[in-house]
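K.L.:
sequence unknown, structure follows:
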């Protein structure tokens, strides 16, 4: 069974990687799919995020990294995926994700959404939190892989943390 784990991953966090690693044990293949969203102004280009994710998941042989635009369900159909993989941190995530799962189901009844609860140590973590901490000069070493922390510090010109 093929699962799509869609998101912006700007940047990918240890919480995302937790979901990817656990998903890779459940599914034959996991495609981490970076959404090209013209409505957002990302910290990193799509190409840089693909590179970051590839490096972060290189130890997982059944994980592939790709990008897409448009509807996630359409992308999943093109990839012949049966599952959309989503992580849940809190009740607020559940409400949003459940609505999205129901919406996706109206577009394709052949694709199921599978939710994985984020591990406790990452329940507070989001890409927005990482960027906010770095923007104000804080260390994100404990929130993202080392190579991504360096990329973030360079973006915010935090030479003292490199």
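P.N.:
Yep, it's here. Everything numeric here is computed off the predicted structure, so don't read it as measured data. Numbering: from 1, shown residues only.

K.L.:
other SSEs contacting the worst-scoring helix or strand of the chain on mean pLDDT?
P.N.:
Within the chain, judged by mean pLDDT, DSSP states H and E, the helix or strand with the poorest mean is helix 91-107; its value is a mean of 90. With contacts taken as 3 or more Cβ pairs under 8 Å, 6 or more residues apart in numbering; DSSP states H and E, helix 91-107 sits against helix 72-78, strand 83-88, strand 112-117. Using the backbone N, CA and C atoms, a C-beta is placed for each residue, glycine as well.

K.L.:
Tell me the helices and strands packed up against the next helix or strand after the last one.
P.N.:
Note on strand 112-117: by DSSP states H and E, the next helix or strand toward the C-terminus is helix 127-135. If contacts are counted by 3+ Cβ pairs under 8 Å, 6+ apart, helix 127-135 sits against helix 146-155.

K.L.:
List the buried residues in the helix it packs on.
P.N.:
In terms of neighbour count (16 or more other Cβ atoms under 10 Å), helix 146-155 has its buried residues at 148-149, 151-153.

K.L.:
Switch those residues over to CSV; also include distance to residue 142 and pLDDT.
P.N.:
Below are the buried residues of helix 146-155 laid out as CSV (distance: Cβ to Cβ, whole Å; pLDDT from 0 to 100):
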residue, distance to residue 142, pLDDT
148, 12, 96
149, 9, 95
151, 16, 95
152, 13, 95
153, 14, 93
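
K.L.:
With distance to residue 40 added, can I get those in a markdown table?
P.N.:
Shown next, in a markdown table, are the buried residues of helix 146-155 (distance: Cβ to Cβ, whole Å):
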| residue | distance to residue 40 |
| --- | --- |
| 148 | 18 |
| 149 | 22 |
| 151 | 18 |
| 152 | 17 |
| 153 | 22 |
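
K.L.:
that older thread, closest to residue 2 out of the helices and strands packed on helix 91-107?
P.N.:
Among those, the nearest to residue 2 by Cβ to Cβ is strand 83-88 (7.1 Å).
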